[in-house]
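Participant: Give me coordinates for this.
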Amino acid sequence: MCGICGIATPEGSPDPDRLATMSAALVHRGPDSAGEHLDGPVALAARRLSIIDLAGGDQPLANEDGSCVVVQNGEIYNSPELRRELERAGHRFRTHCDTETIVHLYEEHDLDFARRLRGMFAVAIWDARRRRLVLARDRFGIKPLYYRHLGGELAFASELRALPRGEIDLDALEAFLAFNSIPAPYSIFRETRKLPAGHLLVWEEDGRIAIDRYARPAPVRVEDVRDADGEELAEELRARLRDSVRAHLLSDVPVGVLLSGGVDSAALAALAAQESGEPVHTFTIGFAERSFDERADARRVAQRYGTDHHELLVRPDPTLLLPALADAFDEPFADSSALPTYLVSELAARNVKVALSGEGGDELFGGYYTYAADLLADRLAPLARLARPVVERLPTSTSKASFDYKAKRFVRAAHLPPLERHHGWKEIFSPEARAELTGRTAGFDPVDVYRARYGETGGADELARLQDVDLGVYLADDLLVKTDRASMAHSLEARVPFLDPVVTNLALALPARHKIRGLSKKVLLRKAVAPLLPREVVHGRKRGFSIPAAAWLRGELEPFARETLSADTLRRQGFFRPETVARLVDEHVAGVEDRSRQLWGLLAFTLWYERHVEHEPPLLRSARMEALVA
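Facilitator: Take a look at the predicted model:
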């Protein structure tokens, strides 16, 4: 795991001092070593968190004659198999590092190299013979890659903080207000973009770039879904998960598990414990609020497998935690589960360098109540319309996934077309609310990002198409961003075994009945892992690293929220109307409506802008970095 960056210029040579400054901004991603490669128009740099081949794997790495040089952020889980294949083809290796596999694979297969990689990666390859720079991002977008292309010059980096700041992209802000995150290819700055998942970017020496998709995981057509019985599919899924976990344990340092107490992370902990030759470290976050506390179920799994278990009880200290999150995230990000993910990563980083995490299980196997709502909506839409006046009068609750919150979301969106109502279940600010908040009428509709993805899967089952939208947008640009930034802020590598093609290829071929039945979710996944886990975990309600934001914003966080979102601050920054924000705070505190998701987004943006635009972006220093310095 590393942070990578670089510059390619069509005139002259890149400034080495500029490259060094970019690399220094990423030191938290790789505190163990740093390396640079400058060759004519191109300069590459890497910060290394050493996981495999601790002594010999420093980057950049080159092929036999030095004509191709690579830097990589990520891990390639099929590197042993690829290495044997490439050695038979005559390639000579100098290290045992997975990154060296990439440069030889590129030599052998040119731009098709990325299709052969099983893993998570953002890669840059300088091909001195062809005078081109190649960037690639893994098929699910697990690892980030930003780029800025101006006047023929290309600058790229693992995080936005290593690139120049610019003008705020108001379309990206509009998307942030709708989703609480910013979807690719947008970034918060107009001149910088994210390379989308499964894409290659090729820069030529004349300054031109070309971007092409090399991989597009997608649900199969209706006629191609798997028609086997549940028992057979459950056994196959269990074997595939075991294969993936075994591959994701590839490491020369200990590997732990971020254990939320839910079925996804519990299954990873169980399989890792069975496949590992030593006790696995597990890490769990808990809260005083009972509906958010998952420590009991996590302990059941830890005790069953004898893991070296670590827990942390979280109490909010807003003056420390929210600014720390704003520092860690390089662009506005308002998924409130980033806070416990940040804290559990800090806990894990005290003990391990690598941890498995359960992202992807919900999107692949049907883990959200929104999927049950998608299947019920057509039948219940007339009733929802009649019930809406009564439902809207339900008192608001601060408990996790409360009935009143879900009921209000359902009746407000049930009558819409499938894609629009799917977004409606989760929408943060509606178009009307965004216009009232900003005073602008946008010509850009963020839901067009969903529509573009949805339009690519005609012929697949309707539920699978909606899951695919979540897989390509919500997972890639929210959950994976959260896990990457929160873990790397502490120099911790997070791996996501559910997003191994061995697992996803089966998940994308499942019929709806093996995912959702009535209000039962993850039907096949629960059946597959039932022999591995305590019954309370298999049949428990959905878990995850979430927080009691609604209660906090009516309690300990209220003074901090009012101060951070003061009229003076909002007028100075110039994006949100102070009177509208004040009303949202008042409505939430009074219990008129649960505005916690909207308020968390406004807090996240305001703190981010203050710390990344109004001031120099902070250098992050993890406990591991402090230990290295000491």
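Participant: what sits against the residue nearest the centre of the chain?
Facilitator: For the chain, residue 480 is the residue whose C-alpha lies nearest the centre (C-alpha atoms, centre = their mean; 0.8 Å). Residue 480 is in contact with 140-142, 359, 496, counting by C-beta atoms under 8 Å, 6 or more residues apart in numbering. C-beta: built from backbone N, CA, C; applies to glycine.
Participant: cutoff 10 Å now
Facilitator: Applying C-beta atoms under 10 Å, 6 or more residues apart in numbering, we find residue 480 in contact with 120, 138, 140-144, 197, 357, 359-360, 474, 494, 496, 499.
Participant: any idea which element it lies in?
Facilitator: In the assignment (DSSP states H and E), residue 480 maps to helix 480-488.
Participant: after that helix, next one along is what?
Facilitator: Downstream of helix 480-488, the next assigned helix or strand under DSSP H and E is strand 493-495.
Participant: Residue 362 contacts residue 371, correct?
Facilitator: Yes. Counting by C-beta atoms under 10 Å, residue 371 is a contact partner of residue 362 at 8.8 Å.
Participant: Next, show the common contact partners of those two.
Facilitator: 467, 470, 521-522.
Participant: Go through the residues you listed and flag which are in strands.
Facilitator: Applying DSSP state E to the shared contacts of residue 362 and residue 371, the entries found in strands are residue 521.
Participant: Can you tell me which of the shared contacts of residue 362 and residue 371 has the most neighbours?
Facilitator: For these, the largest neighbour count, defined by other C-beta atoms under 10 Å, is 32 neighbours, found at residue 467.
Participant: so what's that one closest to, chain neighbours aside?
Facilitator: Once flanking residues are discounted, residue 467 sits nearest to residue 363: 5.7 Å by C-beta to C-beta, 6 or more residues apart in numbering.
Participant: again, but for residue 104
Facilitator: Spatial nearest neighbour of residue 104, excluding adjacent residues (C-beta to C-beta, 6+ apart): residue 91 at 4.3 Å.
Participant: any idea how far that neighbour is from residue 106?
Facilitator: To residue 106, residue 91 is 11 Å away according to C-beta to C-beta, to the nearest Å.
Participant: higher neighbour count, the two?
Facilitator: residue 106 (22 against 18).
Participant: Buried residues of the strand or helix carrying the more buried one, list them for me.
Facilitator: Take DSSP H and E as the rule and residue 106 turns out to sit in helix 98-109. Using 16 or more other C-beta atoms under 10 Å as the burial criterion, the residues of helix 98-109 that qualify are 98-108.
Participant: So what does the residue nearest to residue 104 look like in phi/psi?
Facilitator: The phi/psi pair for residue 91 (degrees, to the nearest 10) reads phi -80, psi 140.
Participant: That one reaches residue 101, doesn't it?
Facilitator: Yes. Residue 91 lies in contact with residue 101 (C-beta under 10 Å); the separation is 9.2 Å.
Participant: any common contacting residues for those two?
Facilitator: Between them, residue 91 and residue 101 share the contacting residues 83, 85, judged by C-beta under 10 Å, 6+ apart.
Participant: Can I get the helix holding residue 106 in CSV? Just the C-alpha atoms.
Facilitator: C-alpha atoms of helix 98-109 as CSV (Å, rounded to 0.1, in the frame of the first residue of the first chain):
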residue,chain,number,x,y,z
ASP,A,98,3.8,-7.6,-6.2
THR,A,99,4.4,-4.2,-7.8
GLU,A,100,7.2,-5.5,-10.0
THR,A,101,4.7,-8.0,-11.5
ILE,A,102,2.8,-5.1,-13.0
VAL,A,103,5.7,-3.7,-15.0
HIS,A,104,6.5,-7.1,-16.6
LEU,A,105,2.8,-7.7,-17.2
TYR,A,106,2.6,-4.4,-19.1
GLU,A,107,5.7,-5.4,-21.2
GLU,A,108,4.0,-8.7,-22.1
HIS,A,109,0.4,-7.5,-22.6
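Participant: pLDDT averaged over it - what is it?
Facilitator: Helix 98-109 carries an average pLDDT of 96.
Participant: pLDDT on the helix or strand following it, on average?
Facilitator: Sequence-wise, the next helix or strand downstream of helix 98-109 (DSSP H and E) is strand 119-127. The average pLDDT for strand 119-127 rounds to 98.
Participant: In its sheet, which strands sit next to strand 119-127, and in what direction?
Facilitator: In the sheet, strand 119-127 lines up against strand 68-76 (antiparallel), strand 132-137 (antiparallel) (DSSP bridges).
Participant: closest one to residue 547 among those?
Facilitator: Taking C-beta to C-beta, strand 68-76 is the member of the strands paired with strand 119-127 nearest to residue 547, at 28.2 Å.
Participant: which parts of stretch 406-424 are buried?
Facilitator: Neighbour counts over stretch 406-424 (16+ other C-beta under 10 Å) mark 407-415, 419, 421-424 as buried.
Participant: Among those, which pair sits farthest apart?
Facilitator: Farthest pair in the buried residues of stretch 406-424 (C-beta to C-beta) is 407 and 419. Separation: 21.5 Å.
Participant: And for residue 87, the neighbour number?
Facilitator: So residue 87, with other C-beta under 10 Å, has 12 neighbours.
Participant: Against residue 39, how distant is it?
Facilitator: Relative to residue 39, residue 87 is positioned 26 Å away (C-beta to C-beta).
Participant: Can you give me the distance of the closest residue to residue 57 other than its chain neighbours to residue 56?
Facilitator: Counting by C-beta to C-beta, 6+ apart, residue 57 lies nearest to residue 97, which is 3.2 Å off, once chain neighbours are set aside. Using C-beta to C-beta, residue 97 is found at 6 Å from residue 56.
Participant: who has more neighbours, the two?
Facilitator: Neighbours per residue (other C-beta under 10 Å) separate residue 97 from residue 56, with residue 97 holding more: 25 against 14.
Participant: what sits against the more buried one?
Facilitator: Neighbour list for residue 97: 48, 50-59, 61, 72, 76, 79, 252 [criterion: C-beta under 10 Å, 6+ apart].
Participant: Buried residues, the helix or strand that residue 608 is a member of. List them.
Facilitator: Assessed by DSSP H and E, residue 608 sits inside helix 596-612. The neighbour-count criterion (16+ other C-beta under 10 Å) identifies 596-612 as the buried residues of helix 596-612.
Participant: who does the helix holding residue 106 touch, helix- and strand-wise?
Facilitator: With contacts taken as 3 or more C-beta pairs under 10 Å, 6 or more residues apart in numbering; DSSP states H and E, helix 98-109 sits against strand 61-62, strand 68-76, helix 79-88, strand 119-127, strand 132-137.
Participant: Format the ones you listed as a markdown table; extra columns: distance to residue 485.
Facilitator: Converted to a markdown table, the helices and strands packed on helix 98-109 look like this (distance: least, C-beta to C-beta, whole Å):
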| stretch | distance to residue 485 |
| --- | --- |
| strand 61-62 | 26 |
| strand 68-76 | 13 |
| helix 79-88 | 25 |
| strand 119-127 | 14 |
| strand 132-137 | 16 |
